[in-house]
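Visitor: I would like the atomic coordinates for the input below:
(2 chains)
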2 protein chains.
Amino acid sequence: MAWLRHYRRAWLGGDLAAGLVVGIMVIPQSMAYAMLAGLPVEVGLYASLLPVLGYALFGSSMNLSVGPVAVTGLMTAALLAPLAPIGSGQYLQLAIWLALLSGLMLFVFGLLRLGFLANFLSHPVISGFITGAAILILLSQLPHLLGLSGWPVSPAALLDSWQASNSLVLGMGLLALLWLLYARSLLAAHLRWLGLNESLALLLARLAPILVVVLTVLASLYWDLAARGVPVVGSLPAGLPSLVWSTPDLASLHSLLLPAVLVSLVGFVESVSIAQSLARRKRQSIDANQELLGLGAANIGSGLTGGFAVCGGFSRSMVNIEAGANTPLAGVVAVGVIGLILLTIAPWFAHLPLVVLAVVILVAVTPLIDLLSLKRAWRYDRAEGLTLLATAAGVLLLGIEGGILLGISLAIAAQLWRGSRPHVAVVGRVPDTQYFRNTKRHLVEITPHLLALRIDENIFFANTKAIEQAIHQALSDYPDTQEVLLILSAVNHIDSTGLDMLSELTEGLAERDIRLHLAEVKGPVMDQLAETDWLNQQVGEVFPSTHIAFNTLGSLKRPRQSDAGE
Amino acid sequence: MAWLRHYRRAWLGGDLAAGLVVGIMVIPQSMAYAMLAGLPVEVGLYASLLPVLGYALFGSSMNLSVGPVAVTGLMTAALLAPLAPIGSGQYLQLAIWLALLSGLMLFVFGLLRLGFLANFLSHPVISGFITGAAILILLSQLPHLLGLSGWPVSPAALLDSWQASNSLVLGMGLLALLWLLYARSLLAAHLRWLGLNESLALLLARLAPILVVVLTVLASLYWDLAARGVPVVGSLPAGLPSLVWSTPDLASLHSLLLPAVLVSLVGFVESVSIAQSLARRKRQSIDANQELLGLGAANIGSGLTGGFAVCGGFSRSMVNIEAGANTPLAGVVAVGVIGLILLTIAPWFAHLPLVVLAVVILVAVTPLIDLLSLKRAWRYDRAEGLTLLATAAGVLLLGIEGGILLGISLAIAAQLWRGSRPHVAVVGRVPDTQYFRNTKRHLVEITPHLLALRIDENIFFANTKAIEQAIHQALSDYPDTQEVLLILSAVNHIDSTGLDMLSELTEGLAERDIRLHLAEVKGPVMDQLAETDWLNQQVGEVFPSTHIAFNTLGSLKRPRQSDAGE
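Guide: Numbering: from 1, shown residues only, chains lettered A, B, ... in the order given. Just a heads-up that it's a prediction; the model follows:
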């Protein structure tokens, strides 16, 4: 709330304009995402009021616009469908409790400063999840475009379905789609060509969906489209939502636990990444724990007023910024606009054909299918490309929970896998310098009785065997070795499995009359090793630099012991 | 089988002696572990025949002795108890299938060369598992010592149980316990004092349990102990097991899948670590994939002859070595000894009091409770100590599966957690040298407009936020910075989440007129970055060494741009 105490008069104009534009722009979106969530459309409007105020009170972003988004709509539908029939009162109640529970979780996580937990979602997992979710959403909306209530359940039903499809709906849907695509791509340029200034043209283009809504509501009334078999919104109560509270039963709470965790996690990651990219534009900064509190308050607010789960939305935040928003006051203005519409013309939306909302969803989510990220991840690292693909496929085939868990598991497995294949280089001195480089990549000098190995990975349970093998391999490549020097400049941690391996290795070398030395041990690693028997009893010397180690050990050739004892 | 082709006559004496001693020594053990597994005692003897030959054919260790061990006995009982009543024919059938299935898995893993998978069990997890399993085994055997059939089910039943306990059983058990403890600790020394040579004294001490078996069988016969309420083995068929095969039904196969994976994993890890410590003594080496084949063949052999799951045993292998075994021929001899006993005197074991087997188990597993490892792990790293403790507690409270899975998850989580808190140091030049050290640990020279940061961790999803924050913190500590130099000598990998962070960071710095440079980028990291937009378009210069970077950038101070644009 610091922004309120330091509010400047110069900010007011921008905030008022942005609030007005966002308030109008999110009307179709909010209804569409409620439909996607399997809820009455007014629930989407309710979720656009108190959440915004809750976020304004606690959030840290100046420009993030919070409300219903496609992903929370999809997650609500996918996670609650197994628990109650869509459209039932129980389903609505579960959706409200899901928002409440997820809000409480986020708020408590914020108080506990657990914002860092979101770091364990890697970019390929996030982008795979979004792509998978976007495809799921597209698939869920295609039947609406044909005026059908759902996908044909069998290939045989396909023909029946096709015949049942309503060409009036399809035609209206395609018209709306063309208009929205035009608005997205060319409308702004054409408006500029008509003489409007750039930002006004951009804003009008952003408001294009509302024109479709108004026109189709009028057409629906004039031609009584509902009587011609065009599915419409149906009924929409006038007035603001009232504050409601009903205590969930234990069984519902239990079945909502995992869904609430997932909604919180995804909503938080989405909001923070949007808030960060907005903040960077204005050189502001985002506090992850503050965001948890803000998003928690927003979801609690949504649940208390009969809304569903919300998070920060990209397109609404972009419009907010483009329309000149300076502070969360813009959001408060938008709430006023939506409230006013609810109090006055909302019942008219009852005549809105559902296909229009389906088209709004289609146009909004198609850009979320992120093939560019897949291409980049794939080119950069196959394992990460596969993680992205598997997460997307997992969301499509195993569902939301399965996809996210699969993605996180694969990202962690890839990380372990990488660590389990360490790079170990035999190094020598670059002639006449103090630099030491891989003998396989550079022309360097070596001393036959001194084997210097640089271990390019933390030494931990997954790679101790591989490192041991690499050292034994190097020893058989350089059979005259009397001194082994391990250069630990790239080792930031040694775990106890690694320590056991090093200790056994040192014993094994001692039996062959070979001594083990260390160089360039990092401070934190040295602190941990300082107390161990290995460093104190088994290791030869610890050198501050490879250069000093080479100078000292290079001149120390000992007469070879006889091998008679073996 | 290479050992057979190069067999030397000199090895024969040792192999014959070791086979004889091991063959006699494992008789009580094998029966005891079958009892622990909830199976008839002869199943333990059957599991000591073909498995040894199977391992001799495929395994790579010269001295590992394979057969029933306490841990496979416990795992069989704990994993199968939920599936069938202990003592039923179905239970026995499941135990045989468990051995077969686990054998097939191990063999196939060996063919696929998946031996490296065992590396993902860290030492704290293994040692926590063994400790937890040993405590479970002790608890399971204590009622036998009192002549009870099981633990009292309630505090009220405790008194009844106590009254029902058989003091004859308790007395015999305590006598046997004292004798075995004496044999373990002092007998060898006393025998040496009587004039026996060291190795003979040690071997006789190792055979002490067989004396208890012989004496108690005789006592049981003479006084008809079974009639006095002393539980005895009961019946024991004479003769060798026959080869049997019954195809498991799909439902059984499905329920045996996870148990078989766990038995395979634990058996393999145990066998390999025993085989490695034996091989080190003789300067031989172990091939993990060969071990998978050997252990797989052993378990298939066990299943085909009505035995249960087997793996390499520590005490039997130690006796094998101490008795002079040179090759797996010793195992073949031991098989002959056990076979001979099965064909002749085995039915006499029907009179053996069960308490003797319980005592054999108690004495064998008590040393497995490994408090020393706990102390070492705890002192070295709290997270590893906790992992060990949690694995042991998990085995006790959640069962075998729960304990192992908890341990593996914690070990991985600890590894990620450590990686998520990277050490980032601001470095400066040690005066008059080419060395660069942490400004907080050393007296070093810095150049005000050049901020050099050494990142001491791989850059990956779990730590990108932390690294970004550390860099921003350093920038606010050194506000005159114009050039940022990232020293990547300890960065062995950058994942795509890390790359995205670096790219955004570079853009953010560029807006503040600060350039980003790199030094000491490792070969493999450079190879991966070479193709990226980040390295090619955004990064300033890439220096081979920090020394060169300091010389170049240190003299490059630019006039400060005005901040009017901000």
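
Visitor: nearest spatial neighbour of A:Met35, skipping sequence neighbours?
Guide: Spatial nearest neighbour of A:Met35, chain neighbours left out: A:Leu357 (5.0 Å); criterion: C-beta to C-beta, 6 or more residues apart in numbering or on different chains. All C-beta atoms are positioned from the backbone trio N, CA, C, and that covers glycine.

Visitor: was I right about the one you found contacting A:Ala37?
Guide: No. Using C-beta atoms under 8 Å, A:Leu357 is not in contact with A:Ala37, being 11.7 Å away.

Visitor: who in the stretch 351-500 of chain A is up against chain B?
Guide: Residues of the stretch 351-500 of chain A lying near chain B by C-beta under 8 Å from any C-beta of the partner chain: A:376-377, A:379-381, A:384, A:411-412, A:415-416, A:418-420, A:422-423, A:434-435, A:438, A:441, A:456-458, A:460-466, A:489-493, A:495-497, A:499-500.

Visitor: quick one on the thing from earlier: give the buried residues for the strand or helix carrying the residue nearest to A:Met35.
Guide: Following DSSP states H and E, the helix or strand that holds A:Leu357 is helix A:354-365. For helix A:354-365, the neighbour count (16 or more other C-beta atoms under 10 Å in any protein chain shown) marks A:354-365 as buried.

Visitor: quick check: end-to-end length of stretch A:156-170?
Guide: One end of stretch A:156-170 sits 22 Å from the other (C-alpha to C-alpha, to the nearest Å).

Visitor: quick one: average confidence on that stretch?
Guide: Computed over stretch A:156-170, the mean pLDDT rounds to 73.

Visitor: also stretch A:251-264?
Guide: Mean predicted confidence for stretch A:251-264 is 91.

Visitor: one step back: make a markdown table from the buried residues of helix A:354-365 and add pLDDT to it.
Guide: Converted to a markdown table, the buried residues of helix A:354-365 look like this (pLDDT from 0 to 100):
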| residue | pLDDT |
| --- | --- |
| A:Leu354 | 87 |
| A:Val355 | 89 |
| A:Val356 | 89 |
| A:Leu357 | 88 |
| A:Ala358 | 89 |
| A:Val359 | 90 |
| A:Val360 | 87 |
| A:Ile361 | 88 |
| A:Leu362 | 89 |
| A:Val363 | 88 |
| A:Ala364 | 85 |
| A:Val365 | 86 |
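
Visitor: of the residues you listed, which is the nearest to chain B?
Guide: Within these, the smallest distance to chain B is 22.3 Å, found for A:Val365 (C-beta to the nearest C-beta).

Visitor: contacts only, for the closest one.
Guide: Listed by C-beta atoms under 8 Å, 6 or more residues apart in numbering or on different chains, the contact set of A:Val365 reads A:70, A:134, A:137-138.

Visitor: list buried residues within the residues you listed.
Guide: For those, a neighbour count by 16+ other C-beta under 10 Å gives the buried set as A:70, A:134, A:137-138.

Visitor: for chain A, which residue occupies the most central location?
Guide: The centroid of chain A falls nearest to A:Ile126 when counting by C-alpha atoms, centre = their mean (3.7 Å).

Visitor: that one contacts A:Val269, doesn't it?
Guide: Yes. Between A:Ile126 and A:Val269 there is a contact under C-beta under 8 Å: 6.0 Å.

Visitor: what comes up buried for stretch A:291-303?
Guide: Result for stretch A:291-303 [16+ other C-beta under 10 Å]: buried residues A:291-303.

Visitor: closest one of the residues you listed to chain B?
Guide: Of these, the one sitting nearest to chain B (C-beta to the nearest C-beta) turns out to be A:Glu291, at 12.5 Å.

Visitor: measure that closest one to B:Ala298 for me?
Guide: Distance of A:Glu291 to B:Ala298, given as C-beta to C-beta, to the nearest Å: 57 Å.

Visitor: do the same with A:Gly403
Guide: Distance from A:Gly403 to B:Ala298, by C-beta to C-beta: 41 Å.
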